[in-house]
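1. Model the structure of this input:
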Amino acid sequence: MYDELTKVDIQKMRDELEYRISVVRPQILEEVKFTRSFGDLSENAEYHAAKRERGRNESRIRYLRNMIKTAVVISPESKEDEVGLFDTVEYYVEEDDAVEQVRIVTSLRQNSLERLISRESPMGKALMGRKIGDRVTVKVSDEYSYVIVIRKIEKGQDDQTLEIRKF
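-> From the prediction side, this is the model:
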């Protein structure tokens with residue numbers, strides 16, 4: 001399965017990839033060389049830490065290359081009266097008698113602590129394409145689902161302010 005990402009997502013990944021290759025990689029290699037000079041490598045914690053950091057950086061580089069290569073580019077455009085990508089949605093949860101708000105984003109930028117949910121998540125799938133006043137069932141699993149009512153849609157846009165996930 002391919003990740004559906006926007007042009008901004010791809011550009012953010014390209015920028016990070018370039019930075020990791022041209023700036024971070026040489027810094028880490030220098031750190032590995034420097035810490036190697038500390039002596040006995042079997043007891044050299046600084047050397048092992050530098051090698052671990054090198055491995056993490058190389059892993060991230062491989063991840064970014066793979067994501068860029070396999071991503072399917074999508075458009076964030078949606079109809080004015082429907083929930084679309086990057087829109088902020090206010091909804092009423094009948095079960096809890098509570099009003100909540102989320103912003104729909106791509107999987108690469110999701111952060112549930114900041115109420116940024118992926119369009120592929122159960123909530124994201126339930127909200128995409130819906131309109132104000134729609135009663136929507138959010139199916140979390142085969143055993144549990146709940147009903148929400150869309151109260152407000154604030155149209156958003158794909159901008160540079162939302163960070164991509166680090167790992």
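2. Point out the other helices and strands that the longest strand along the chain packs with.
-> When every strand of the chain is counted residue by residue (DSSP state E), the longest turns out to be strand 145-154. Contact partners of strand 145-154 among helices and strands, from 3 or more C-beta pairs under 8 Å, 6 or more residues apart in numbering; DSSP states H and E: strand 88-93, strand 135-139. Yep, even glycine has a C-beta here, placed from its N, CA and C like the rest.
3. Show me which residues of that strand are buried.
-> Neighbour-count burial for strand 145-154 flags 146, 148, 150, 153 (criterion: 16 or more other C-beta atoms under 10 Å).
4. Tell me which two in these are the farthest apart.
-> 146 and 153 (19.7 Å; C-beta to C-beta).
5. for the record, mean pLDDT for whichever strand or helix holds residue 31?
-> Per DSSP states H and E: residue 31 is located in helix 25-36. Averaging pLDDT along helix 25-36 yields 91.
6. low-scoring stretches of the protein, by residue?
-> 1, 167 (pLDDT under 70).
7. hmm, 90 instead?
-> 1-4, 32-48, 75-80, 94-95, 112, 157-167 (pLDDT under 90).
8. Let's see stretch 105-113 as PDB, backbone CA atoms only.
-> Presented in PDB, the C-alpha positions along stretch 105-113 are these (Å, rounded to 0.1, in the frame of the first residue of the first chain):
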ATOM      1  CA  VAL A 105      -4.000  15.800   7.700                       C
ATOM      2  CA  THR A 106      -1.900  13.300   5.800                       C
ATOM      3  CA  SER A 107      -0.500  10.200   7.600                       C
ATOM      4  CA  LEU A 108       2.900  11.800   7.500                       C
ATOM      5  CA  ARG A 109       1.800  14.800   9.600                       C
ATOM      6  CA  GLN A 110      -0.600  13.200  12.100                       C
ATOM      7  CA  ASN A 111      -0.200  14.100  15.800                       C
ATOM      8  CA  SER A 112      -3.000  13.000  18.000                       C
ATOM      9  CA  LEU A 113      -1.700  15.200  20.900                       C
END
